[in-house]
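# Show me the folded form of this:
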Amino acid sequence: MPSFKIDLSTAVVFVATAPEPKMANKRTGERAIDRETEAPLSTVGLLVSDEGEGNLYQVTVPETGVPASLTPGMPVAVTGLKARDWENEFNGQKRHGISFRAVAITPLGA
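Reported below is the predicted structural model:
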């Protein structure tokens, strides 16, 4: 499925939730891996505020693009944010949504 770039040039972005490992299989504890770089993946909650509206996104990022210093409330820059729609069927029920992916998240200076 195609992905779409998200323009954050006029937005203010803050860390909402600290990075957590993204799991491929929660039962076995298998970590999700980036298919291109083979880096482990993490998920970070970001609050994006733009044009008077704020949205919370759970963004998947390769571990190499997530500094250990990220903490909730920290202003950040996001590199290469894209959105992709998804759909799957589990136990006979169709589910769908939008997933968000970025190349890196960088803390902004004080």
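# Low-confidence stretches in this protein?
Applying pLDDT under 70 to the chain picks out residues 1, 110.
# where along it do the strands fall?
Secondary structure of the chain, counting by DSSP state E: strands at 3-5, 12-21, 23-25, 30-31, 41-50, 53-62, 76-79, 82-90, 93-101, 104-107.
# So for Leu70, which of those sits nearest?
When the strands of the chain are compared by Cβ to Cβ, strand 12-21 sits nearest Leu70, at 5.3 Å. C-beta here means a position set from N, CA and C on the backbone, and glycine is covered the same way.
# What angle do strand 41-50 and the closest one make with each other?
Following axes from the mean of the first three to the mean of the last three Cα atoms, to 10 degrees, one obtains 160 degrees for the angle between strand 12-21 and strand 41-50.
# contact partners of strand 12-21?
Outside strand 12-21, the residues that touch it by Cβ atoms under 8 Å, 6 or more residues apart in numbering are 31-32, 40-50, 56, 61, 66, 70-78, 105.
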